[in-house]
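> Fold the following for me, if possible:
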Amino acid sequence: RAVASLDEPLLSDGDAATHGCLSWQTIFYGNIFMACLSFSFVMPSLWHYLESLRSDKDFYAWVIAIYSVGQGIGSVAIGTVSNRIGTKRALFLCFSLSLCASCAYALAGPIFVLWTDRAQGLAGANAAPWAVLVSRLLQGVGSGGAQAVEQAYISIATPPSRRTELTGRLSTMAVLGFIFGPTCGALVAQVPAFSVGVLRIDSYSMQGWAMAALNVVMLCQTSYFSELKPTRNGKRRAGATPAHADPAGAASEPVSSPAIGVWACIGFFAVHFSGFAIQETITTPLVQSWFGWDATAANVLFIAAGVLNLLCAIGLSVASAPREGPHGPAPRVGDRPLLLCSLGCATLGWALMALPPSRPQFILAFTLITIAFPFGRGVCLAMLGKLLGDAPQGAWMGVTFAMGAMARIIGPFWAVHGFFSFSAAAVFGSTAALFWVALLAMAALWRRLSPAVGVHRIEETAVR
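Numbers count the residues shown, from 1 in each chain. This next block holds a predicted model:
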């Protein structure tokens, strides 16, 4: 069997352009932007929406956490299925689930009105908050599945020398969606309430219908998506086109040394996500406790973090852009040094947070932690794709995003419990120790994290 070039994509453009198909990169840019826009669309008003539905206060935490649970389920399940049904069908499934979820979110208000009319608010089960919970679960399943499927496709449709750069560009679109989402949600909420027949639409349900409209646009965009053709003179290879990958062929060779690097990348990805989850959870109560800052000051801090994330995503694209070297195209800065720097920044940032607080020290620590996440996330995904080589990557990407989702579930609970039951130093010190262990592990596994080591193949059945 021919050996794959380290700078060759597993798929080629073929004659897709002659059929009027949009570039898959253009479609992915749009889908990722709108998916992140949709996610952050309702976050500022979600608490108030549940209050209007007479939900218990404790229910809010479950509504937040259930999204990450859905992401974990969707990334593994749909990522694995995409190896058999193909990228396009898998994305249709993801966006269809998200469309149904958005409709359920929008209909929670009318369900509440119907309940109050029939039960006079005194008897019977209030199904409206549960409709929001189910909608968030389905949104998480669709979002997690789409992330895994798209990242797996990126890994086989781009040469390794450009993979980190493209991941950085996609991260830029994601950050833009997160930044503009709350603003767009606030604008939609200003539309006066009106009725369509018996269906009343207010500011909260309007946001749900707007999310549904975004999913319709993503479905339409995806209809123009055309999967690229396999390389090697038309010979189909395992993992080249997920829709027709041969599971038996994928397991026909033994697991090679990159398997250790693959699991290491997944671990580093989870560590970065745990730090991100703790940061976004604890920042507001922390600055109120330490410095007496109000909610407005905390929001300004998060806005600044969003802008910094955007700059870091752009910086990742620039730093990893390929240039001609003595052995062919190579990134300006390698993946391993970038990941090492991200782990180092995060370790130092959390260590500073564990010390007695001061405003300059907190700002420096917050900046270092914020910088570390976009670099660490993007590089881990790019490295993972390179280490997997020509194996079907849907299931592996699914496991990766599931680990990130798990970190986002566990992290907030530890952050809140540790901060209020123990101390801030306990939370930040343990997080710094986690990153320090990851830093040592990376130093020990440095050679294992190179895609040039061993055979470019991982046994897919290992994650089934």
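> Quick check, central residue of the chain?
With distances taken as Cα atoms, centre = their mean, residue 147 lies nearest the centre of the chain, 6.1 Å away.
> Verify the stated contact: that one with residue 75.
Yes - between residue 147 and residue 75 a contact is recorded at 6.3 Å, counting by Cβ atoms under 8 Å. Where you see a C-beta, it was placed from the backbone N, CA and C, and this is true even at glycine.
> so what's in contact with these two at the same time?
Common contacts of residue 147 and residue 75, defined by Cβ atoms under 8 Å, 6 or more residues apart in numbering, comprise 397, 401.
> residues making contact with stretch 67-75?
Taking Cβ under 8 Å, 6+ apart as the rule, stretch 67-75 contacts 94, 97, 136-148, 397-402, 404-406, 408-409.
> To clarify, my last question referred to stretch 438-446.
Contacts of stretch 438-446 (Cβ under 8 Å, 6+ apart): 260-261, 264, 267-268, 271, 336, 339-340, 343-344, 347, 449.
> Name the residues of it that are buried.
438, 439, 442, 445 (16 or more other Cβ atoms under 10 Å).
> any low-confidence regions in the chain?
Within the chain, the segments meeting pLDDT under 70 span 1-22, 113-125, 198, 228-258, 295, 324-330, 452-464.
> show me where it has strands.
11-12, 194-196, 199-201, 229-230, 322-325, 328-331 (DSSP state E).
> Could you give the number of residues near the nearest residue to the residue nearest to the centre of the chain once chain neighbours are set aside?
With sequence-adjacent residues excluded and distances taken as Cβ to Cβ, 6 or more residues apart in numbering, residue 147 is closest to residue 401, at 5.2 Å. Under the neighbour criterion other Cβ atoms under 10 Å, residue 401 is assigned a count of 26.
> Residue 315 now?
Using other Cβ under 10 Å: residue 315 sits among 17 other residues.
> got a list of what it touches?
Residue 315 is in contact with 168, 375, counting by Cβ under 8 Å, 6+ apart.
> Look up how far residue 104 lies from it.
39 Å (Cβ to Cβ, to the nearest Å).
> Contacts only, for residue 175.
Contacts of residue 175 by Cβ under 8 Å, 6+ apart are 36, 306, 309, 310, 313, 374.
> Isn't the fourth one up against residue 173?
Just to be clear, that refers to residue 310. No - shown here, residue 310 and residue 173 do not form a contact pair, counting by Cβ under 8 Å, at 10.0 Å.
> All the helices of the stretch 301-450 of the chain, residue numbers only.
335-353, 359-388, 394-421, 424-444 (DSSP state H, counting those that start in this stretch).
> Check which helices and strands the third one is in contact with.
Applying 3 or more Cβ pairs under 8 Å, 6 or more residues apart in numbering; DSSP states H and E, one finds that helix 394-421 contacts helix 57-85, helix 128-157, helix 258-291, helix 359-388, helix 424-444.
> Would you mind saying which of those helices lies nearest residue 225?
helix 128-157 (9.4 Å; Cβ to Cβ).
> Compute the inter-axis angle for the closest one and helix 359-388.
Between the axes of helix 128-157 and helix 359-388, defined by axes from the mean of the first three to the mean of the last three Cα atoms, to 10 degrees, the angle is 60 degrees.
> Helix 128-157 packs against which elements?
helix 24-41, helix 43-52, helix 57-85, helix 87-119, helix 160-189, helix 359-388, helix 394-421.
> quick one: that helix to helix 394-421, angle?
Going by the same axes, to 10 degrees, helix 128-157 makes 130 degrees with helix 394-421.
> Grab the nearest non-local neighbour of residue 448.
residue 261 (4.3 Å).
> Just give me the neighbour total for the one you found.
25.
> now residue 79
31.
> what's the answer for residue 200, then?
Other residues within reach of residue 200, judged by other Cβ under 10 Å, total 13.
> Tell me the spacing between residue 32 and residue 143.
10 Å.
> more crowded one of these two?
Higher neighbour count among residue 32 and residue 143: residue 143, with 27 against 23, using other Cβ under 10 Å.
> mind listing what the more buried one touches?
Per Cβ under 8 Å, 6+ apart, neighbours of residue 143: 35, 39, 67, 70, 71, 74, 94, 98.
> what's the closest of those to residue 378?
Closest to residue 378, out of all of the contacts of residue 143 and judged by Cβ to Cβ, is residue 35, at 16.6 Å.
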